[in-house]
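Engineer: Provided below are the primary sequence and the corresponding predicted coordinates.
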Amino acid sequence: VIRFPKAVKVPHIGWNGVRFSNHPIFNDIPENPWFYFVHSYYPVPSEDVIIGKTNYGDIEFASAISKDNIFGFQFHPEKSSKIGLRLIENFVKL
């Protein structure tokens with residue numbers, strides 16, 4: 001993980017868009033949804049596991065990853081209103 005540079009406000013708090021790939025975890029979620037973030041660091045995966053990306057300032061970072069039956073999100077689905085609840089529902093169905 002890497003700490004956001006001083007060029008952006010840290011921690012990154014608030015709503016931000018996520019561009020995601022065609023993955024079942026995002027079923028019935030409209031393109032470019034907004035999720036709630038609270039973080040000062042972002043991941044740089046060494047494998048091809050990225051299923052969602054977000055921009056903060058000039059930085060594009062992995063905001064959703066998946067490998068086998070493991071998922072990781074940089075945002076908080078539980079704080080992301082109806083879209084977050086849909087994501088959690090999709091996870092349970094998987």
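Structural biologist: Okay, I see it. Residues are numbered from 1 along each chain as shown.
Engineer: Can you list the low-confidence ranges for this protein?
Structural biologist: Residue ranges of the chain with pLDDT under 70: none are present.
Engineer: Just give me the residue closest to the centre of it.
Structural biologist: Central residue of the chain (C-alpha atoms, centre = their mean): residue 63, 3.0 Å from the mean position.
Engineer: Show me what secondary structure element comes after the helix or strand encompassing that one.
Structural biologist: If you go by DSSP states H and E, residue 63 is part of strand 59-67. Once the chain leaves strand 59-67, the next helix or strand it forms, by DSSP H and E, is strand 70-73.
Engineer: name the helices or strands packed onto that following strand?
Structural biologist: Contacts of strand 70-73 with other secondary structure elements, assessed using 3 or more C-beta pairs under 8 Å, 6 or more residues apart in numbering; DSSP states H and E, are made with strand 59-67. The C-beta positions use only the backbone N, C-alpha and C, and glycine is treated the same way.
Engineer: Bridge partners for residue 76, pull those for me.
Structural biologist: Using DSSP bridges, the bridge partners assigned to residue 76 are residue 36.
Engineer: show me where this structure has helices.
Structural biologist: With helices called from DSSP state H, the chain shows them at 81-93.
Engineer: quick revisit: my guess is the residue nearest to the centre of the chain meets residue 72, correct?
Structural biologist: No. With contact defined as C-beta atoms under 8 Å, residue 63 does not count as touching residue 72 (9.3 Å).
Engineer: and stretch 79-94, how far out from the chain's middle?
Structural biologist: Stretch 79-94 has its C-alpha centroid displaced from the chain centroid by 12 Å (C-alpha atoms, centre = their mean, to the nearest Å).
Engineer: With stretch 45-55 instead?
Structural biologist: From the chain centre to the centre of stretch 45-55 is a distance of 9 Å (C-alpha atoms, centre = their mean).
Engineer: Sweet, I'm off.
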